[in-house]
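Need coordinates for the below:
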Amino acid sequence: MGPALLAVIAAYARRHWRQPFGKLLIDSLIIICVLSLGPFLHFGGHLLGPLPGKLLAALPAIEKALPVRFMMYAFLLIAIITSLWFTTSTASNPMKYTAAALIVLFSLPNFGSRYGASKVDTPAFFLRGLYRQYLAPDENLLVVPHFILDNSMLWQAQTDMYFRMAGGWIGPLPDEYQLWPIVNALGEAAYVPDVRTQLMCFLSSHDVDAIVVSDNDPDRASWRSLLAPLAVPPVEIGGVTLYRIPPETLARYGGRSAVEAQTRADTTLFNALLAAAWKYAAEGKDPSKLTPLRAKNLNLLPADWLTGPSSVPGWLAGTEFDPTPSLETRLAYGVFLGRAGKTYFGVGVMGTYDALKPVIDDYRRDAYKIFFQLPGYSVPRPKTKVVDFSLWSSIQTALRAQKRRLRLHYREYHASLAFPRLQGPEAERVTPSMPHAAADEPPAQNQYR
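Coordinates of the predicted model:
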């Protein structure tokens with residue numbers, strides 16, 4: 001808004017605060033600005049506490065709104081207040097002219113800011129119409145870099161929507177789409193066992209006709225290695241590489257659901273994480289020091305499981321949303337490893353209840369209990385649920401010297417994302433139980449929605 005506009009608002013509030021209409025405008029502006037800050041107050045990258053906007057997260061429909069968009073209504077009120085000040089103020093005309101000039105001056109965009117402008121790097125394949133020689137109208141493409149890592153949606157728009165895309169970025173992903181394990185790896189580095197099979201199941205399920213990899217993608221060599229055994233010889237044209245996978249090849253991976261793909265990936269990954277933690281502890285190391293990045297550096301998990309972008313865009317690097325982990329980051333690459341609380345040790349993977357049920361059933365005999373809301377790892381989202389399975393496993397023997405127990409945690413988000421992990425206190429073993437559902441039954445469909 002700028003200091004000049006803030007000064008006008010303050011001058012109006014000082015004079016008209018006690019008038020009913022003026023009080024309505026000022027109070028409404030304050031309330032809307034506070035709500036636009038969201039449900040939690042952050043400062044310097046630290047969470048300071050809840051805000052009144054948290055109440056809106058419990059309301060139907062409005063819980064889906066982005067808090068920042070409340071500022072649209074704030075600017076409407078500011079426009080009314082500014083107009084009234086210029087109309088009713090007793091300030092001299094020269095002062096009003098100066099205020100108006102300053103308001104305009106401080107409202108000009110900062111053309112030197114990287115947030116105000118972005119580079120248009122449309123490959124010639126899309127910009128010059130070369131796509132018409134290689135693609136049929138309405139073909140379905142997977143364009144990488146994916147999501148917000150590049151401008152694939154702009155490229156599609158520049159072709160007048162000549163082709164469809166299996167993915168894009170308009171905010172939160174659809175529930176069904178984000179269930180596929182490979183989707184995590186398209187946006188950031190993640191552990192995905194048997195990534196080639198996972199990718200092919202995803203492509204077959206979404207009827208993808210071709211994959212287009214930009215020459216600007218730093219991981220284009222990885223894509224070539226991944227797709228080489230499956231695709232016909234790729235075509236390099238106009239700043240992209242076009243991969244076509246024969247329909248008969250895709251057909252072999254058809255009929256598999258996202259839940260089946262998740263179950264396959266999560267079961268393999270979870271067992272591998274347990275084995276990695278056991279090996280780490282068997283070498284006499286403190287399990288609480290184990291994190292995903294340390295496990296990666298020590299080759300405790302297969303290196304070819306870690307797939308996805310090897311770097312983050314410059315506009316994302318160094319921000320609070322930068323997914324690049326440190327040695328102390330316990331949740332990274334789609335897995336959890338490390339201390340959970342002051343005395344617990346945790347191991348975990350992501351998945352839905354249906355996908356994780358085989359894992360849960362494998363360890364159900366050794367469960368301590370099941371409960372909701374995992375302390376210390378709650379996410380500021382409405383209706384977040386946590387199901388906790390405390391367990392023993394073969395790794396317990398290696399950890400007994402450190403007096404650790406292991407627990408499997410399962411977190412279900414309102415968007416059907418789940419997040420289990422292992423940890424454990426020195427607690428008395430009890431019979432498993434689940435609020436609102438029997439221990440051997442899946443939760444009701446609306447229990448997590």
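
Please save the CA atoms from the helix or strand harbouring Lys23 in PDB.
Here Lys23 sits within helix 20-35, counting by DSSP states H and E. C-alpha atoms of helix 20-35 as PDB (Å, rounded to 0.1, in the frame of the first residue of the first chain):
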ATOM      1  CA  PRO A  20     -20.900   4.800  12.900                       C
ATOM      2  CA  PHE A  21     -20.000   4.600   9.200                       C
ATOM      3  CA  GLY A  22     -16.400   5.500   9.800                       C
ATOM      4  CA  LYS A  23     -16.100   3.000  12.600                       C
ATOM      5  CA  LEU A  24     -17.700   0.300  10.300                       C
ATOM      6  CA  LEU A  25     -15.100   1.000   7.600                       C
ATOM      7  CA  ILE A  26     -12.100   1.000   9.900                       C
ATOM      8  CA  ASP A  27     -13.100  -2.000  12.000                       C
ATOM      9  CA  SER A  28     -13.900  -4.000   8.900                       C
ATOM     10  CA  LEU A  29     -10.500  -3.200   7.400                       C
ATOM     11  CA  ILE A  30      -8.700  -4.300  10.600                       C
ATOM     12  CA  ILE A  31     -10.600  -7.500  10.800                       C
ATOM     13  CA  ILE A  32     -10.100  -8.400   7.100                       C
ATOM     14  CA  CYS A  33      -6.300  -7.600   7.300                       C
ATOM     15  CA  VAL A  34      -6.000  -9.900  10.300                       C
ATOM     16  CA  LEU A  35      -7.900 -12.700   8.600                       C
END
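
List the buried residues for it?
Gly22, Leu25, Ile26, Leu29, Ile32, Leu35 (16 or more other CB atoms under 10 Å). In short, each C-beta sits where N, CA and C put it, glycine included.

Same question for stretch 220-227.
By 16+ other CB under 10 Å, the buried positions in stretch 220-227 come out as Arg220, Ser222, Trp223, Leu226, Leu227.

wait, doesn't the fourth one sit right on Arg196?
Read that as Leu226. Yes: assessed by CB atoms under 8 Å, Leu226 is found in contact with Arg196 at 6.0 Å.

what ranges do the strands span in this structure?
Applying DSSP state E to the chain gives strands spanning 40-43, 46-50, 140-144, 164-165, 190-191, 210-214, 235-237, 240-244, 306-307, 331-332, 335-340, 344-349, 385-391, 406-412.

gap between the most centrally placed residue in the chain and Phe147?
The centroid of the chain falls nearest to Pro172 when counting by CA atoms, centre = their mean (7.8 Å). According to CB to CB, to the nearest Å, Pro172 and Phe147 sit 12 Å apart.

picking up where we left off before, next one, pLDDT for the residue nearest to the centre of the chain please.
Confidence at Pro172, expressed as pLDDT, is 74.

What's the separation between it and Lys64?
9 Å.

quick revisit: tell me the one among the buried residues of stretch 220-227 nearest to Tyr280.
Ser222 (27.5 Å; CB to CB).

Neighbours of Ala332, how many?
Neighbours of Ala332 under the rule other CB atoms under 10 Å: 22.

State the pLDDT value of the closest residue to it other than its chain neighbours.
Distances taken as CB to CB, 6 or more residues apart in numbering put Pro325 closest to Ala332, at 3.5 Å, once the chain neighbours are dropped. pLDDT recorded at Pro325 is 86.

try Phe147
According to the prediction, Phe147 has pLDDT 80.

if I pick it, what's in contact with it?
Taking CB atoms under 8 Å, 6 or more residues apart in numbering as the criterion, Phe147 is in contact with Gly167, Gly168, Trp169, Leu186, Gly187.

List buried residues within these.
Taking 16+ other CB under 10 Å as the criterion, what is buried in the contacts of Phe147 is Gly167, Leu186, Gly187.

And Gly168, how close does it get to Asp354?
26 Å.

Quick check: chain neighbours aside, which residue is closest to Val183?
Using CB to CB, 6+ apart and skipping the chain neighbours, the partner closest in space to Val183 is Tyr177 (6.3 Å).
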